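A.B. asks: got a predicted structure here, sequence first:
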Amino acid sequence: MKNGDSNGKPRRTRKRRNPPQPLFRDEVFEQVLDHMPESFDSHDFIFEMMRRFPREYTLSLYEYRRSKDPIQTLHQMIGRKLVGFSDRIVTDERKSSQNVRGLPSENLHWAKIKDTSRERNDG
């Protein structure tokens, strides 16, 4: 058998694992946003997510176990997904607050968008 010839067995290829993570479902982010105050930062959002979805958070953290810093990688992914909710929140500014390690670090500050259609209908 020459190099590269098949020996009859299926060839094992290494597939890139990128399973859908329950933590990154839109419903999870929407539920967490529902419980956030009018103004909050990304660290506040992550803390609330950890409280409300501990199993999903832990499973997602495990998915990044091979990265140099799994916590930082997961939190960056959460932040990137949060940007996609521009119909509900807008970035206000960057500021420093305590992260999950208890250290100050810069992150985005968010403000909820007021639903003016509801206010007009209530008046």
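C.D. replies: That came through fine.

A.B. asks: any weak-confidence spans in this protein?
C.D. replies: 1-20, 116-123 (pLDDT under 70).

A.B. asks: show me the helices in it, by range?
C.D. replies: In the chain, the helices defined using DSSP state H lie at 26-34, 42-52, 54-63, 70-83, 116-122.

A.B. asks: deepest-packed of the ones you listed, please.
C.D. replies: helix 42-52 (a mean of 19; mean count of other CB atoms under 10 Å). Every residue, glycine included, has its C-beta placed from N, CA and C.

A.B. asks: tell me what it is packed against?
C.D. replies: helix 26-34, helix 70-83, strand 89-98, strand 104-112 (3 or more CB pairs under 8 Å, 6 or more residues apart in numbering; DSSP states H and E).

A.B. asks: who does the third one touch, helix- and strand-wise?
C.D. replies: For strand 89-98, the helices and strands in contact under the criterion 3+ CB pairs under 8 Å, 6+ apart are strand 39-41, helix 42-52, strand 104-112.

A.B. asks: in the first one, what's buried?
C.D. replies: Along strand 39-41, the positions that meet the burial threshold by neighbour count (16 or more other CB atoms under 10 Å) are 40-41.

A.B. asks: tell me what that strand is packed against?
C.D. replies: Counting by 3+ CB pairs under 8 Å, 6+ apart, strand 39-41 packs on strand 89-98, strand 104-112.

A.B. asks: quick check: angle from the longest one to helix 26-34?
C.D. replies: Angle between the axes of strand 89-98 and helix 26-34 is 70 degrees (criterion: axes from the mean of the first three to the mean of the last three CA atoms, to 10 degrees).
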